[in-house]
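>>> model the following, please.
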Amino acid sequence: MAFLQVQMLMFLNLFILIYIGGVQPFDTKLKNQIEMFNEFSISILTIQMTLFTDFVSSADAQFDAGWQMVGLMVFNMFCNLLLVLLFGVKGVRLLLIKYGRIIHRQISKHCVSLCECCLGVYLKSCDCLQGQKQKLDVLCQKVSDYT
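Model prediction:
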């Protein structure tokens, strides 16, 4: 009876592989490939489950097959974890770029308006510096270097 259950599970995995390969239900090619890899790994693990039925009488062979299954599961988890980490790092990098540009834009906008007010034609009438002209020149130079 256990062999029948394993065989039905193998057919189910085969139909899922055919469905994902033919229909490609996910919106990107990469997601479909990841799902195919995961389903293929599950199919191999299901095929290896036949080694735990009554057809294999050697306990040593079943023990070795168990470690092979553990190795394949660890390999699959490692690959999926690596993908999660890569996409996570990419997402964080894009967020840092986005918000770094927003902050840079805000700083340069305020510095330019301050530089125009206090260093431009209104320099003689500007009271906002109060002797800090050199520091403001350095700040405006740094900002203009980044833009």
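>>> phi, psi of Val56?
Torsion angles at Val56 (phi, psi; degrees, to the nearest 10) stand at phi -110, psi 110.
>>> wait, doesn't it sit right on Gln62?
Yes - at 5.9 Å, Val56 counts as touching Gln62 under the criterion of Cβ atoms under 8 Å. All C-beta atoms are positioned from the backbone trio N, CA, C, and that covers glycine.
>>> what do those two both touch?
The contact sets of Val56 and Gln62 do not overlap (Cβ atoms under 8 Å, 6 or more residues apart in numbering).
>>> tell me which stretches of this structure form strands.
Shown for the chain, no strands are assigned by DSSP state E.
>>> pretty sure Leu9 contacts Thr46?
Yes - assessed by Cβ under 8 Å, Leu9 is found in contact with Thr46 at 5.2 Å.
>>> dump the C-alpha coordinates for stretch 94-106 into PDB.
Extracted in PDB, the C-alpha atoms of stretch 94-106 (Å, rounded to 0.1, in the frame of the first residue of the first chain):
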ATOM      1  CA  LEU A  94      17.700  50.000  -4.800                       C
ATOM      2  CA  LEU A  95      16.000  51.600  -1.800                       C
ATOM      3  CA  LEU A  96      19.300  53.200  -0.700                       C
ATOM      4  CA  ILE A  97      19.800  54.600  -4.200                       C
ATOM      5  CA  LYS A  98      16.300  55.900  -4.300                       C
ATOM      6  CA  TYR A  99      16.300  57.600  -0.900                       C
ATOM      7  CA  GLY A 100      19.900  58.800  -1.300                       C
ATOM      8  CA  ARG A 101      18.900  60.600  -4.500                       C
ATOM      9  CA  ILE A 102      15.900  62.200  -2.800                       C
ATOM     10  CA  ILE A 103      18.000  63.400   0.200                       C
ATOM     11  CA  HIS A 104      20.700  64.600  -2.200                       C
ATOM     12  CA  ARG A 105      18.200  66.500  -4.200                       C
ATOM     13  CA  GLN A 106      16.700  68.100  -1.100                       C
END
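>>> give me the residue at the spatial middle of the chain.
In the chain, the centroid-proximal residue (Cα atoms, centre = their mean) is Phe87; its distance is 1.0 Å.
>>> ok, now how distant is it from Ile97?
16 Å (Cβ to Cβ, to the nearest Å).
>>> please apply the same query to Val138.
Applying Cβ to Cβ to Val138 and Ile97 gives a distance of 26 Å.
>>> I'm done for today, thanks for sticking with me.
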